[in-house]
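> everything below, folded, please.
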Amino acid sequence: MNGLEERVAKIEGAVSQMNERLNHLGNEITGLRGEMRDMEKSLRAEIRSNFKWMLGILIPMWVTIIGTFVGLFLTLVK
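As a prediction, the model looks like this:
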């Protein structure tokens, strides 16, 4: 029976070690999820900022182009 008890003890130790490793992996995954959420928030803020800059550049550009065409059209109509 001594050999059986040793085997069971080894199996229990291995299962315990696997449990610790799985818990560690779970904690790592949770940490990575948090980091990804933070990165996503930062990326969204940066995209919003860039979008505002793009609109700030594009709208005046289109107004200038349309104004130029309207001015040209009005001078040609006269």
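
> tell me how many other residues crowd Leu76.
Using other CB atoms under 10 Å, Leu76 has 7 neighbouring residues. Glycine gets a C-beta too; all of them are placed from N, C-alpha and C.

> from the chain's centroid, how far away is the helix or strand it falls within?
Assessed by DSSP states H and E, Leu76 sits inside helix 2-77. Computed by CA atoms, centre = their mean, to the nearest Å, the chain-centroid distance of helix 2-77 equals 0 Å.

> could I get the average pLDDT for that helix?
Across helix 2-77, pLDDT averages out at 94.

> please save the CA atoms from stretch 11-29 in PDB.
Provided in PDB are the C-alpha atoms of stretch 11-29 (Å, rounded to 0.1, in the frame of the first residue of the first chain):
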ATOM      1  CA  ILE A  11      -0.800  12.900  -8.400                       C
ATOM      2  CA  GLU A  12      -2.200  15.200  -5.800                       C
ATOM      3  CA  GLY A  13       0.900  17.300  -6.000                       C
ATOM      4  CA  ALA A  14       0.800  17.500  -9.700                       C
ATOM      5  CA  VAL A  15      -2.900  18.500  -9.700                       C
ATOM      6  CA  SER A  16      -2.200  21.100  -7.000                       C
ATOM      7  CA  GLN A  17       0.700  22.500  -9.200                       C
ATOM      8  CA  MET A  18      -1.600  22.500 -12.300                       C
ATOM      9  CA  ASN A  19      -4.200  24.400 -10.300                       C
ATOM     10  CA  GLU A  20      -1.700  27.000  -9.300                       C
ATOM     11  CA  ARG A  21      -0.500  27.400 -12.800                       C
ATOM     12  CA  LEU A  22      -4.100  27.700 -14.100                       C
ATOM     13  CA  ASN A  23      -4.900  30.400 -11.500                       C
ATOM     14  CA  HIS A  24      -1.800  32.200 -12.600                       C
ATOM     15  CA  LEU A  25      -2.800  32.100 -16.200                       C
ATOM     16  CA  GLY A  26      -6.300  33.300 -15.300                       C
ATOM     17  CA  ASN A  27      -4.800  36.300 -13.500                       C
ATOM     18  CA  GLU A  28      -2.600  37.000 -16.500                       C
ATOM     19  CA  ILE A  29      -5.500  36.900 -18.800                       C
END
